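Student: requesting a structural model of the entry that follows:
(2 chains)
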Amino acid sequence: MFQEVKDADFVRGEHSALKFWQDQKIFQKLRERNAGGPRWSFLDGPITANNPMGVHHAWGRTYKDTYQRFFAMMGYDQRYQNGFDCQGLWVEVEVEKQLGLGTKTAVNEYGIDNFVNECKRRVLTFAARQTEQSVRLGYWMDWDDPDQLRLLAEKVGSDEPVNFTAPSGKQESAPAHQIVERLGNPEWGGSYFTFSTENNETIWTFLKKCFTRGKIYLGHDVMPWSGRGGSAYSQMEIAEGRKLTTHKSCFVRFPLRSRNVAGCESEGVTGNQTPSPSDSQTPRQEYLLVWTTTPWTLTSNVAAAVNLDLDYVKLKANRDDAVYYFAKENLHFKRLEREFKEGFGRPEWKWPEGTPKLKTLAQIFKENGGFEELDTIKGAEMVGWEYDGPFDDLPAQQQPGGFPEDENFSDRCGTTCHRVIDGGRDSRGAAHVVAGEGTGIVHIAPGCGDIDHKMGAEHGIVAIAPLKEDGTYDEGFGDFTGREAISPETAELVFEKLKEKGLLVNVETYPHIYPHCWRTGDELVFRLVDEWFINMDWREEIKDVTRQIRWLPNSIDGQERECEWLSNMSDWMISKKRFWGLALPIWVDEESGDFEVMGSLAELKERAVEGWDDFEGNTPHRPWIDHVKIRNEKTGNLMTRIEDVGNPWLDAGIVPFSTLSYNRNHDEWQKWYPADLVTECFPGQFRNWFYSMLSLSTMMRYDETDDPAEKRPFKTLLGHRLVMDEKGQPMHKSDGTAIWFEEAAEQLGVDTMRWMYLAQNPATDLRFGTRHGDEQVTLETPDGPTAETKEGVPCCKVTSQPADEVRRRVLIPLWNSYAFFVNYARLDEFNPNAQKIPVADRPEIDRWVLSNLQSVLKVAQDEMPNFNAAAFCKAAEDFLDDLTNWYIRRNRRRFWRSRKVEGQEARDEGLIDGWDADKLAAYQTLYEVLVTLCKALAPFIPFLTERMYQNLVGATGEGQGASDAPQSVHLCEYPLPDQELLDPTLNARTATAQLVVKLGHKLREEKNLRVRLPLAELQFACASAEQREAIEHLGDVIREELNIKQISGADNLDDLVTYSFKPNLKTLGPRYGKLLGAIRNELPNLDGALLAPLRSGESVTVTLGGEDIELGPDDVMVSTEQATDWSCADEAGIQIAISTVTTPELEREGMARDFVRQVQSLRKDHDLEIQDRITVEFSSDDPEAAAAISEWDSYIREETLADSITRIEEAPDKVEPAAIGGAKASIWISRV
RNA sequence: GGGCGUAUAGCUCAGUUGGUUAGAGCGCAGCUCUGAUAAAGCUGAGGUCCCCGGUUCGAAUCCAGGUACGCCCA
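Tutor: Sure, this is the predicted structure:
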C-alpha cells in the first residue's frame, strides 16, 4: 500500500533521503554491486581545503556526481576518490593570519615545524567541513569520516598514538602525522590529500625525469620583498597591504653621450645669452630628465624607457643652458591635482597634512632661472641614445654580466647598457610609459622592479640587484653597502651623491599608494631572487598529447586554447620561498654550484650522509627534510637541500600518477589510466591544472611510450564556466555577495540546485541568484536551527529566479504527477504487482506516453556518454510537459472512474482481477512511466527520485512481495530504451493532434470564442496522408480538447479559404537567378485559378518577368489567407478551419458548461471532498441562462455531484454574480 | 600591441549547408482551461540580427574593414 503523498517539502525530504542512504549503506552496496565490472575512470581535481564550499564549487561537483551515478547505474566499477589540495601559499596566508605571524622571522621563531603542523591542521579541518558539505549535495564519494579528520587535526604535532579508522574499516594506531601522510592510500580508501608522502614523492619521480633530461635550471625573478620579514610576497598579499604613504621623490638628469653639442661645435658659454632655436651657437650638455619615487633604485639604473608615440619636448634651462628631454605634456601637467582635492580613492586616503601641493615642471624650471622650448620630437627618435648613468662609479655597475653575474651577458655590464629603449605595452595594450606623473622617460632597473626585469630580459640588458635578503645593499655598492633600501637616510645619501655630480634637478615629498607588508606594515621592495625553473622546450610533446584529448564543450575550443598556452608559455618557475609545500628535491653544492635531484626517498636515504635519523619518521616537508645532506660525488662536498618549496600546481598535476599508485602498483595504475573524464571550471585551468597534468604526464611517460595517446592523463575534459550572481556579476566573499553552500542548499533545495547546474550550458556563466546580506535567516537542519555557518558567518536570505523556475517547471510537475498517481492508487488499492495488461492491448495514448518515454531514455544513452547532461535535461523537461499536460490531463477520468463497472458478469472478459481493463491499463502505464522516470532522473535529482521510488517500489517491494526490487533507486540499472515500445508513428501522430489543438486554440483566441462554448465544425486538409490519418485517428481527442461537435477532413479547403502563393526561392533561385526578383513580385498577384493545379501536385507554366516559367509543386508555397464564417490557420502542411457561427443551442450548451465551472469553483472554495454531494441554488434575470441550466440539468448534476439545481428569485446578498455566457447568474451551494 | 571569441526581443540565449514571415525561456499585457494546484495552456506587444562595404538572384549566416565587450599572451 502506498503512503499518502502530501506537500513535496523538498528540503526536508532531502534530509530524510540522506538519512536513508546512510542507515542502509546504499552507496556501499552500489560499490559492491559494481565491483569487478567494467571500469569507468573519473579523476577528481583537488579542491582547495582552505575554506568552506560556496555555491560556485557545487556546479562542478554536481557534474562529477551525476556522471559517476549514471555510469554506476550502467554497471561500471569506479574509484570514487575525492581530492583535497593541501599545500601552498593560500594555506600559509590563512594560518599566518590565524597565528598573527607576518614575517619570515616570526615564522622561524614560531618554529617551522609548528607552523607546518598548523597548516596540516587547517587543511584537515576544512577537508572535514567540505566533506560534510559535499555529502549534503548528494555527492557520492569514498568519504573519510569528518570526525576522524578532525581528530587527526587535533592531534597533529603530538607524538601520542591516535586510533584511526579508515573508510575501508582498516584500523591504525600511530602518531597523527604518520597517519595523515598516508591518507587516501588504496588500502584505507578515502579522499586523497596532496600533502601525502605518496603525492610528494611521485612529484620527485617527475622532477628526476626532468633532471635526467637536463630540464631543471636555476634562474632569477624579481619579487616583492620585505627586508625585515625576509620573504617574498604574492600578488594576493600585496593587494591586502596597499597603503597611502609619502616618499621623497626626485627629478634626475642623465647626461646623453655624444650629444653634448647641439647645432655646432663652437665654444663660449654665456648663461644669459638668448638663443633661438635656429641659432644654437652654444655647446650644451643634453640630458634625459627622469623621475622616481624610489631613489635607492637609481644605483641600479641600466636603461631609460620612452613611449614611441609620445611627443617629447626639447627644453633649455636658462640657468646652465642644459638641454632636457621629457614628455611634452609633462611641462605643464599638474601632478596629483585630483588626489590633492579628492584623496586617493578611499575615505581614509586623504592628502597627507603638511605635504605641499606638487609643482609643475614648468614651475620648477621657472623658479630656477627660466626655460625655453627648443623643439618637439617623437619618442621613437630617441630610442638608442646612450647616456651616462648616475652611479656608474659603483663596482656593481661595472661588473661584466651585471650583478649578480649572468654568464650569458659577460660581454656587457651596467654602464655599457645605458641607452633609451622602447617601453612597450602591457597585456591590455596600454603603454608602460606614459606622460603624466613622471617625465615620460622611465628609469629602468631590472634588478629592482618587476616590469623592469621583463623589459631587461626583452632588450638584452643586464640586471643589477642591489639588495640582500635583509633588504640592505650588498657589497659592490660603495657607500651604500650595508644600508637599508627603504630607510629615508638612504634616499638622502642618494640625493647628496647626485647633487655632488650635478645630476639632481629637484626633490619633493610625494604621496602615493605603495605596497606594504600586510602584517608588519613595512614597505616592500622588489628584489631579484634565485628561483628554480623547468625548461619547457619540450612543449611540442605536450601539444601532441593535448591533441589526443577531447575538449568539451566544443564551443570553447579548449584544445586550441590549451595549445596556444603551450606555444606561448615561458619556462615553469617551480620554486617558492615559503615553508609549507612540496620539498623540492634539489640538493646543491654551494661551493661548485652543482646540483642534483633525488627521485625518491629511497634514493635520498641511500645518498644521505647526514641528518637522515633526524628526518626519519617525519613527513618529507620542511623543516625535517632539510636536515638530510648528501655528498657531491664529483667534489666530495656536502650538498644541502634548497630551502624552497614547490609550486602547488605540481601537487595537483601529479594526481593521475600518485593517486593511481603509479610507483607502487603499476598494474593497478594501468587499469585506471588514462581517466575517462576530468571536469573542472575552466577559465583559469588551461594554464594551471590542465597544463600541469598535461606536462607532468608527458614527462612521466616520455621514457615509456612514444604514443601521445598513451601519455594523455585523461580522455575527455569537460569544462564549465563560472557561477555569477543574478545580474551576471562575480560574487565576492569580501562584500558578502558570495553564497555559502548551506545557505543555498537549505533554502533552495539541493535537487533544485543540481538541476540548475545540469541544465545549464557549460559554455556560459550560470546566473545563480542573489544573497541578501541584510536579511538574516535561520536554516532548519536535522541538527537544529542554524543562524550562522560554522565559521561564524551569519546565514542570509538567498533568492534565485532560475531555482524557482526549475522547481516550477521540473520538480513540482514531477511531484504532482507522482502525488496524483499515488493518491488515486491508494483509494483504488492499486496493486503494481498484479497481472500486467500487455502494452499492445492498452489504449493508444498509453502506448504513446510509453513510446515517448523510450525516446527520453534514448537521449540519455546518446548524450550522457558525451557528457551532455543539458541535452538530457531538455528532453526530460519536454517529456514532463507531455506527461502532465497531455497524458495525465487527458486521462484523469480513467483514474476517477469507479473501479468495477456495472453489469460485470456480462463483460467478464473485460475485467482483470475485478478491474476495468482500461482503468488498470491507465494505472499500470502511469506507474511504469513514473518508476522508469525515477530511475532515469536518479543521477540528476537523487533525493526526490529516491523518495518517489521508496513509495512507488520500496513499499510494495517489502510489503507486497516484489522482493527482487532493488532497495534504492540508485541500486537500479539505468533504464534502456525498449525498442518494442518505441513507436515513432505514434509519437508523430500525437504531435500532429497536439498541433491541431494548438491551432484551434489560437483560432478561438483570435475570434474570442471561449473553449467552453461548443462550436459546430472543424475542417482540415493535409499535405500528407500520415497527417490526415493522424487527425482522423485522434479526431475524438481533438473534438474534446477544442470542444467542437464535428471534425471532418477534406481534400482541400478551397470553399472556405483563399490561398496565397509564394515562390520557393530555394528551388527557383538556382534555376532563374536574377529573374527571381520579378518572380517574387509578380507570383503572388497571379490569378489563383492559374496556379490551382499546383495544389494537386501538377506543374503549371506562367509568364513572369516577361518569360515563361515552369513551376512545379515544389516551386511554390501555398498558404491559407482568409475565410468567411470560418477561421483558418495552417502550419507544417496542415490547414484547419473552424466554423465561427454560433447558434442558440450551442450558446446554451456553453452556458451550461460555464455553470458547471462556477459550481466546481465553489466546491473548491468550500473545501469539499471529491465525493461530497451538494445541492445547487441560483438566481438569474436572464431567461436564456435559466433555460440552458434547465435543459442541461442532468449533465450539470452529474458533473458536479449535485442532487438538485433550484432557481431562486433573490440571491443572498453576499453572493457575487458570475458570468454565464453573456448573462449573469448568482450561484451558491450547500453540502448534503 | 598581437591572438582568440562574442555582438540577435526589456533580460538570458538558440538560429543547421546562405532561402521567403529570425525563434525559445523569463518578464510584461490580455484571454482561456482546471476536482493534480507552490498549477497549466494560448494569444499579443516587443527586433535597424552592432556599423559600413563586398560576394550573391538572395546575407543574421560568407568575405573585408570598423566599433564595443570578454578572454588569452608578451
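Student: helix or strand right after the helix or strand bottoming out on mean pLDDT in chain A?
Tutor: One helix or strand of chain A scores below all others by mean pLDDT, DSSP states H and E: helix A:955-959, with a mean of 49. Going down the chain from helix A:955-959, the next helix or strand is helix A:984-1007, by DSSP states H and E.
Student: list the buried ones in the next helix-or-strand element following that following helix?
Tutor: Moving toward the C-terminus from helix A:984-1007, the next helix or strand (DSSP H and E) is strand A:1015-1022. By 16 or more other C-beta atoms under 10 Å, the buried positions in strand A:1015-1022 come out as A:Leu1015, A:Leu1018, A:Gln1019, A:Phe1020, A:Ala1021, A:Cys1022. For the C-beta atoms, the positions are set from N, CA and C on the backbone; glycine is no exception.
Student: how about CSV for those residues, with distance to RNA strand B and pLDDT added?
Tutor: Output for the buried residues of strand A:1015-1022, formatted as CSV (distance: C-beta to the nearest atom of the strand, whole Å; pLDDT from 0 to 100):
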residue, distance to RNA strand B, pLDDT
A:Leu1015, 12, 80
A:Leu1018, 15, 81
A:Gln1019, 19, 78
A:Phe1020, 17, 79
A:Ala1021, 16, 76
A:Cys1022, 17, 75
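Student: for the residues you listed, which one is nearest A:Gly214?
Tutor: A:Cys1022 (76.8 Å; C-beta to C-beta).
Student: quick one: that closest one and A:Val996 touch, right?
Tutor: No. Using C-beta atoms under 8 Å, A:Cys1022 is not in contact with A:Val996, being 9.7 Å away.
Student: can you check which residues contact both of those two?
Tutor: A:Ile1031, A:Ile1134 (C-beta atoms under 8 Å, 6 or more residues apart in numbering).
Student: in terms of secondary structure, what does whichever helix or strand A:Lys497 is part of contact?
Tutor: Take DSSP H and E as the rule and A:Lys497 turns out to sit in helix A:488-500. Using 3 or more C-beta pairs under 8 Å, 6 or more residues apart in numbering; DSSP states H and E, the elements in contact with helix A:488-500 are strand A:242-255, strand A:504-515.
Student: okay, that helix in PDB with CA atoms only?
Tutor: Extracted in PDB, the C-alpha atoms of helix A:488-500 (Å, rounded to 0.1, in the frame of the first residue of the first chain):
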ATOM      1  CA  PRO A 488      64.900  57.600   4.400                       C
ATOM      2  CA  GLU A 489      68.600  58.200   5.100                       C
ATOM      3  CA  THR A 490      69.400  56.100   2.100                       C
ATOM      4  CA  ALA A 491      67.300  58.400   0.000                       C
ATOM      5  CA  GLU A 492      69.100  61.400   1.400                       C
ATOM      6  CA  LEU A 493      72.500  59.800   0.600                       C
ATOM      7  CA  VAL A 494      71.300  59.300  -3.000                       C
ATOM      8  CA  PHE A 495      70.400  62.900  -3.200                       C
ATOM      9  CA  GLU A 496      73.700  64.000  -1.800                       C
ATOM     10  CA  LYS A 497      75.600  62.000  -4.300                       C
ATOM     11  CA  LEU A 498      73.500  63.200  -7.100                       C
ATOM     12  CA  LYS A 499      74.000  66.800  -6.000                       C
ATOM     13  CA  GLU A 500      77.700  66.300  -6.000                       C
END
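Student: now find how far off-centre it is within its chain.
Tutor: In this view, helix A:488-500 has its centroid 53 Å away from the chain centroid, taken as C-alpha atoms, centre = their mean, to the nearest Å.
Student: contact partners of it?
Tutor: A:247-248, A:250, A:252, A:295-296, A:298-299, A:390-391, A:479-480, A:483-484, A:504, A:507.
Student: most neighbours out of those, which is it?
Tutor: A:Thr299 (28 neighbours; other C-beta atoms under 10 Å).
Student: what's that residue sitting at in phi/psi?
Tutor: The phi/psi pair for A:Thr299 (degrees, to the nearest 10) reads phi -60, psi -20.
Student: for it, which residues are in contact?
Tutor: So A:Thr299 contacts A:Pro390, A:Phe391, A:Leu394, A:Ala396, A:Gln397, A:Ile464, A:Pro466, A:Tyr473, A:Phe477, A:Phe480, A:Val494 (C-beta under 8 Å, 6+ apart).
Student: ok, A:Gly773 next?
Tutor: A:Gly736, A:Thr737, A:Cys796.
Student: how does it look with 6 Å?
Tutor: Applying C-beta atoms under 6 Å, 6 or more residues apart in numbering, we find A:Gly773 in contact with A:Gly736, A:Cys796.
Student: list the buried residues of the helix or strand hosting A:Glu94.
Tutor: Per DSSP H and E, A:Glu94 falls inside helix A:89-99. Within helix A:89-99, the residues that qualify as buried are A:Leu89, A:Trp90, A:Val91, A:Glu92, A:Val93, A:Glu94, A:Val95, A:Glu96, counting by 16+ other C-beta under 10 Å.
Student: my read: the third one touches A:Ala49, true?
Tutor: No. No contact is recorded between A:Val91 and A:Ala49 when judged using C-beta atoms under 6 Å, the distance being 8.1 Å.
Student: kindly state the pLDDT recorded for A:Ala262?
Tutor: Here, the pLDDT recorded for A:Ala262 equals 44.
Student: typed the wrong thing, it's A:Gly1073
Tutor: 76.
Student: surely it forms part of a helix?
Tutor: Yes. Assigned with DSSP: H, G, I helix; E, B strand; the rest coil, A:Gly1073 falls within a helix.
Student: that one: how many residues sit nearby?
Tutor: For A:Gly1073, using other C-beta under 10 Å, the count is 9.
Student: same question for A:Leu660.
Tutor: Neighbours around A:Leu660, by other C-beta under 10 Å: 27.
Student: all strands of the stretch 301-450 of chain A, in order?
Tutor: A:303-306, A:311-317, A:323-327, A:371-378, A:420-422, A:441-444 (DSSP state E, counting those that start in this stretch).
Student: Throw the ones you listed into a markdown table and include distance to RNA strand B, mean pLDDT and mean neighbour count, thanks.
Tutor: What follows is those, written out as a markdown table (distance: least, C-beta to the nearest atom of the strand, whole Å; pLDDT from 0 to 100; neighbours: other C-beta atoms under 10 Å):
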| stretch | distance to RNA strand B | mean pLDDT | mean neighbour count |
| --- | --- | --- | --- |
| strand A:303-306 | 14 | 93 | 26 |
| strand A:311-317 | 16 | 93 | 21 |
| strand A:323-327 | 17 | 94 | 26 |
| strand A:371-378 | 15 | 92 | 15 |
| strand A:420-422 | 11 | 91 | 22 |
| strand A:441-444 | 15 | 93 | 27 |
